[in-house]
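In: next one to model:
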Amino acid sequence: MTKFSILRPEFNIETGEVKCHYRLADHEFTERLELGIGFGEDAAKTDAFARTLDLAAAILGVSYFKLLAPKQIDASELKLTLAAQSLIKDIYENGLGEFYARNDLHRFGQIKYHFRTTENTSAEAPSQTNALVLIGGGKDSLLSVNLMEDAQWNFTPFAVNPKGPILSSIDRIDHEPLFARRYLDQKMLKLNQEPGFFNGHVPSTAINSIIAALVAQLYGNNHIILSNERSASEGNLEFDGREVNHQHSKSLNFERLFADALQSVAGSSIRYFSILRPFSELQIGALFAKGTRFDGAFSSCNENFKQDATGPAKWCGNCPKCHFVSLIFAPFMTPDRLTCIVGKNVLDDEGKLAPMRDLSGLTGHKPWECVGEILEAAAALYKLSSQPNWQDAIVVKTLKPELETFYGAQKLRTAWNDAMTPSGEHAIPKNLHSLIEQNEHDDAN
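Out: All right, here's what the predicted structure looks like:
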């Protein structure tokens, strides 16, 4: 039977290079990370870093496992806590849920894991707050930057393989960044294109999070802050007896699993949470629209992050993310400002009626993309039908009666109010959350 083996990783303390080794049938792969230089070498020699490195090797392995998606995973060369083992199982099953669904592969509950268990690690947190804020180049992480600055929390922007809108956004942040580089094995990329091998979506937030955990330990950061909103917990469809979510590694359930695993391998030295978890996409749109600091520098379009993508921030105007971001910005922006940001007014384009029906739940299912909740999108569209700047746009005008028939006006109005009310379900530290709430209250007055 075909088996995927995760071998012992290596770390070069002089160069900051990580090597992760894998074996899949008769194929062998090595992935490299560059974590920089100038870190404290003592941190690299701790048990906490060694355990985090083992966990990183397991998580990064999903990119190689999915070539054949075998039903056996051997991670017995790694020292993994029980919480780390639970996280790995979640990543190789729910984290690859979209991949399984789109390739019609039944793996939920069928993978046999071989683990070597180790005890939890004990480590104390650094005395001073210095957070690592993951920057993706889109609206979410840049709103997090604004919130952190308003709260006067010390932080360092961080990105893996920065390019395009990540770099242009960081240029407008007055904080020195940290970057890591990830180099996939080219043999894997070639096999992706060959018959008999599978390809598809991997949980990139899980991958970037564990790389951030390595960097945080080396450079003394005691918080890892993400920008995942509450809408990310909504799934796309049912497959093989489970809900499949394109954004699984951005969900609240995953955040809790990752935080538990990180605490088990790194002790109390690092906290992991999303600063935007209380907010809906619509609230994020409203908060982001208050300032123009990042207009022209950011992009939420995935065209920027393809393997061969280069150059400045761009918007394609044709993907679900461009459509959805336009939709949640529109209630809080003029058509001119939104068109200047995205490059076109997708809400006044007859050709966008079909994708907007999908986004708002009138047809199809939620797109395989990082977009918000279906009812939230429907509520936003309906809200636009009462705003003079937008009510005559082709998409808004055409879909208003369809939305009223499908949902009912009262349900849409209630959905809008719910979306504009923060949730109390999050893992933000109390002192930071109180500062955010106070600043929001002050802005409202």
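
In: which residues of the stretch 1-150 of the chain score low on pLDDT?
Out: Applying pLDDT under 70 to the stretch 1-150 of the chain flags residues 125-127.

In: so where do the helices sit in it?
Out: The residue ranges that make up the helices of the stretch 1-150 of the chain, judged by DSSP state H, counting those that start in this stretch, are 41-44, 47-60, 62-65, 82-93, 97-103, 139-151.

In: check which helix or strand residue 159 maps to.
Out: Residue 159 is part of strand 155-160, with elements assigned from DSSP states H and E.

In: show me what that strand is packed against.
Out: With contacts defined as 3 or more C-beta pairs under 8 Å, 6 or more residues apart in numbering; DSSP states H and E, the secondary structure elements packing on strand 155-160 are strand 131-134, helix 139-151, helix 164-170, strand 178-183, helix 204-219. Glycine gets a C-beta too; all of them are placed from N, C-alpha and C.

In: for stretch 348-360, C-alpha coordinates in PDB please.
Out: What follows is the C-alpha trace of stretch 348-360 in PDB, where atoms were taken according to Å, rounded to 0.1, in the frame of the first residue of the first chain:
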ATOM      1  CA  ASP A 348     -23.000  48.000 -13.100                       C
ATOM      2  CA  ASP A 349     -22.000  45.200 -15.500                       C
ATOM      3  CA  GLU A 350     -24.700  42.900 -16.900                       C
ATOM      4  CA  GLY A 351     -22.100  40.200 -17.300                       C
ATOM      5  CA  LYS A 352     -21.700  39.900 -13.500                       C
ATOM      6  CA  LEU A 353     -25.300  38.900 -12.900                       C
ATOM      7  CA  ALA A 354     -24.600  35.200 -12.800                       C
ATOM      8  CA  PRO A 355     -21.600  35.300 -10.400                       C
ATOM      9  CA  MET A 356     -23.500  37.700  -8.200                       C
ATOM     10  CA  ARG A 357     -26.400  35.300  -8.000                       C
ATOM     11  CA  ASP A 358     -24.000  32.600  -6.900                       C
ATOM     12  CA  LEU A 359     -22.400  34.900  -4.200                       C
ATOM     13  CA  SER A 360     -25.800  35.800  -2.800                       C
END
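
In: residue 243 belongs to a strand, doesn't it?
Out: Yes: residue state for residue 243 (DSSP: H, G, I helix; E, B strand; the rest coil) corresponds to a strand.

In: in the sheet, who's paired with it?
Out: Residues found in beta-bridge contact with residue 243 (criterion: DSSP bridges) are residue 238.

In: doesn't residue 233 make contact with it?
Out: No: distance between residue 243 and residue 233: 10.0 Å, which falls outside the contact criterion (C-beta atoms under 8 Å).

In: so the two - more neighbours on which side?
Out: residue 233 (19 against 13; other C-beta atoms under 10 Å).

In: find the nearest non-adjacent residue to the more buried one, please.
Out: residue 251 (4.3 Å; C-beta to C-beta, 6 or more residues apart in numbering).

In: near that neighbour, how many residues? Count them for me, please.
Out: Residue 251 has 22 nearby residues by other C-beta under 10 Å.

In: quick revisit: dump the helices of the stretch 1-150 of the chain into CSV; add mean neighbour count and distance to residue 357 as well.
Out: Below are the helices of the stretch 1-150 of the chain laid out as CSV (neighbours: other C-beta atoms under 10 Å; distance: least, C-beta to C-beta, whole Å):
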stretch, mean neighbour count, distance to residue 357
helix 41-44, 13, 52
helix 47-60, 24, 37
helix 62-65, 22, 33
helix 82-93, 21, 32
helix 97-103, 20, 21
helix 139-151, 22, 24
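
In: adding distance to residue 277, write these out as a markdown table.
Out: Below are these laid out as a markdown table (distance: least, C-beta to C-beta, whole Å):
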| stretch | distance to residue 277 |
| --- | --- |
| helix 41-44 | 28 |
| helix 47-60 | 21 |
| helix 62-65 | 24 |
| helix 82-93 | 18 |
| helix 97-103 | 21 |
| helix 139-151 | 11 |
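
In: quick one: which of those helices is nearest residue 361?
Out: With C-beta to C-beta as the measure, helix 97-103 is the member of those nearest residue 361 (18.8 Å).

In: tell me what that closest one is packed against?
Out: Contact here means 3+ C-beta pairs under 8 Å, 6+ apart; on that basis helix 97-103 packs against strand 237-239, strand 242-244.

In: okay if I get the ones you listed as CSV plus distance to residue 119 and mean pLDDT?
Out: Shown next, in CSV, are the helices and strands packed on helix 97-103 (distance: least, C-beta to C-beta, whole Å; pLDDT from 0 to 100):
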stretch, distance to residue 119, mean pLDDT
strand 237-239, 37, 83
strand 242-244, 31, 87
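
In: geometric centre of the protein: which residue is closest?
Out: residue 205 (4.1 Å; C-alpha atoms, centre = their mean).

In: for the residue lying closest to that one once chain neighbours are set aside, what are its contacts?
Out: Counting by C-beta to C-beta, 6+ apart, residue 249 is the residue found nearest to residue 205 once chain neighbours are left out, at 4.0 Å. When contacts are counted by C-beta atoms under 8 Å, 6 or more residues apart in numbering, residue 249 is found next to 91, 95, 203, 204, 205, 206, 209.

In: the same query, at a cut-off of 10 Å, please.
Out: With contact taken as C-beta atoms under 10 Å, 6 or more residues apart in numbering, residue 249 is in contact with 59, 90-91, 94-95, 202-209, 226, 228, 232, 255, 257-258.

In: do the same with residue 108
Out: Each residue near residue 108 by C-beta under 10 Å, 6+ apart is listed here: 93, 94, 96, 97, 100, 239, 240, 241, 242, 244.

In: cool, residue 262 as well?
Out: Counting by C-beta under 10 Å, 6+ apart, residue 262 makes contact with 48, 51-52, 55, 83-84, 87, 209-210, 212-213, 216-217, 224, 269-272.

In: excluding chain neighbours, give the residue nearest to it in space.
Out: In this structure, residue 262 finds its nearest non-sequential neighbour in residue 272, 5.3 Å apart by C-beta to C-beta, 6+ apart.

In: tell me the secondary structure at that neighbour.
Out: With three-state DSSP as the basis, the three-state label of residue 272 is strand.

In: contact partners for it?
Out: Applying C-beta under 10 Å, 6+ apart to residue 272 gives the contacts 132, 209, 212-213, 216, 223-226, 255-256, 258-263, 266, 427.
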